[in-house]
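Q: predicted model, plus sequence, below.
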Amino acid sequence: MTTVPDPLALPTMEAVCVTGEERSCGATSGTLHTSDELTRWIAGHCAQTGHDFYHRTTRATLRAELGAWQ
Ligand SMILES: [Zn+2]
């Protein structure tokens, strides 16, 4: 079988602020749909806190299809 991106389900993304030495800030953007929104959230958080290290996760939906790898 193979997996293909589901064209009806847009990928979602989320940023987490990992700035901090002993423990990271941990502020999260929540689920967003474009990297523009993500950048805007980071810009706002950075302006408020001066935090400058973030992790980004992207979640994409896949659909399994029967095929060569059964
Ligand atoms: Zn932060």
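A: Structure received. All figures in this text were calculated on a predicted structure; none of them were measured in a lab.
Q: residues contacting residue 61?
A: Contact partners of residue 61, counting by Cβ atoms under 8 Å, 6 or more residues apart in numbering, are 5, 6, 9, 11. From N, CA and C alone the C-beta is placed, and that goes for glycine too.
Q: so how many other residues sit close to the residue nearest to the last one when sequence neighbours are not counted?
A: With Cβ to Cβ, 6 or more residues apart in numbering as the measure, residue 60 is the residue that lies nearest to residue 11, at 4.3 Å, once sequence neighbours are left out. When counting by other Cβ atoms under 10 Å, one arrives at 12 neighbours for residue 60.
Q: how about the helices of the chain, start to end?
A: Assigned by DSSP state H, the helices in the chain fall at 35-49.
Q: I'd guessed residue 59 sits against residue 6; true?
A: No: contact between residue 59 and residue 6 fails when scored by Cβ atoms under 8 Å: they sit 11.6 Å apart.
Q: return the helix or strand in the protein with minimum mean pLDDT.
A: Ranked by mean pLDDT, DSSP states H and E, the helix or strand of the chain with the weakest confidence is strand 2-5, at a mean of 82.
Q: list the neighbouring strands of that strand plus their orientation.
A: Note on strand 2-5: by DSSP bridges, its sheet partners are strand 62-65 (antiparallel).
Q: hmm, who's touching the partner strand?
A: Under Cβ under 8 Å, 6+ apart, the answer for strand 62-65 is 1, 2, 3, 4, 5, 6.
Q: gap between it and the chain center?
A: Relative to the chain's own centre, strand 62-65 is displaced by 21 Å; criterion: Cα atoms, centre = their mean, to the nearest Å.
Q: dump the residue contacts of residue 67.
A: 1, 2.
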